[in-house]
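J.: Build me a model:
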Amino acid sequence: MKFFLILLFLVTSLFGQIPTYESKNIIIYNIHPDSTTIVFWGGLNYATPKWLVSQTPKKKFSKYNFVFLSYFTTLETAKKVYFNKLGNKLNPKILIGFSRGGLMAQKYYSPKYKLVGYIDPVLKSNFENKLYSNVVFVYNPYTWNKKYSKTLMSYGKIIGRRDGLFIIHYLDHIDFPTYFFKQHL
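T.: Sure, this is the predicted structure:
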């Protein structure tokens with residue numbers, strides 16, 4: 001048993017945490033059952049769950065549990081998989097959507113969450129009623145066309161009035177997830 005624990009420590013030290021469950025559209029890291037759980041939706045093309053894992057600083061895995069999802073995977077599907085694979089209910093405290101994944105974070109927004117992060121997101125209109133103090137919204141206006149950038153700026157004004165956090169940052173789209181983790185979690 002002692003050998004196994006030492007081996008596990010060496011593997012996780014060298015290669016990072018080992019996922020509790022992994023498929024193409026869902027990756028679960030349930031390392032610390034009593035820790036805060038984050039559900040994180042990715043985007044199109046390269047922004048898969050596996051890519052999101054690679055963008056997450058290693059030290060965050062010792063602080064949080066994660067459920068990384070494809071942009072089209074619903075929270076209901078994630079809850080079913082989580083229960084079937086781990087035997088526990090998925091009860092996230094933080095939702096994050098990157099790029100196209102912003103649509104899912106928007107869909108499931110509730111003031112009950114500790115934090116809802118929108119990272120250089122794609123969103124639907126009529127979003128004003130889902131922008132409160134638990135929102136952290138970071139984006140680059142040059143990622144999107146002028147009309148959409150104006151819409152996002154209008155959301156920023158609402159977030160500011162409601163004590164949320166709205167940040168314009170001139171990063172490349174691909175660099176936003178790592179920035180978000182380092183600065184806001």
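J.: can you pull out the helices in the chain?
T.: With DSSP state H applied, the chain shows helices at 2-15, 49-55, 75-86, 102-107, 146-161, 176-184, listed in chain order.
J.: List of residues touching the third one?
T.: Okay, so that is helix 75-86. The contact list for helix 75-86 (CB atoms under 8 Å, 6 or more residues apart in numbering) reads 20-21, 23, 26, 28, 30, 39, 67, 69, 88-90, 104, 107-108. Placement of C-beta: from N, CA and C, glycine included.
J.: So which of the helices of the chain is the most surrounded?
T.: Among the helices of the chain, helix 102-107 has the highest mean neighbour count (mean count of other CB atoms under 10 Å), at a mean of 22.
J.: For it, name the packing helices and strands.
T.: Helix 102-107 is packed against strand 37-41, strand 94-98, strand 115-119, with contacts defined by 3 or more CB pairs under 8 Å, 6 or more residues apart in numbering; DSSP states H and E.
J.: will you turn those strands into a markdown table that also has distance to N84?
T.: Shown next, in a markdown table, are these (distance: least, CB to CB, whole Å):
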| stretch | distance to N84 |
| --- | --- |
| strand 37-41 | 16 |
| strand 94-98 | 21 |
| strand 115-119 | 26 |
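J.: how deep is F127 tucked in, by neighbour count?
T.: 18 (other CB atoms under 10 Å).
J.: same thing with the one 5 residues further on?
T.: Using other CB under 10 Å, Y132 is surrounded by 16 other residues.
J.: Which residues are in contact with it?
T.: Here Y132 is in contact with P111, R162, D163, G164 (CB under 8 Å, 6+ apart).
J.: one more time with 10 Å, if that's ok
T.: Shown in contact with Y132 (CB atoms under 10 Å, 6 or more residues apart in numbering): Y109, S110, P111, Y113, V116, I158, I159, R162, D163, G164.
J.: Local confidence estimate at it?
T.: Note on Y132: pLDDT of 82.
J.: next one: Y113
T.: pLDDT at Y113 comes out at 96.
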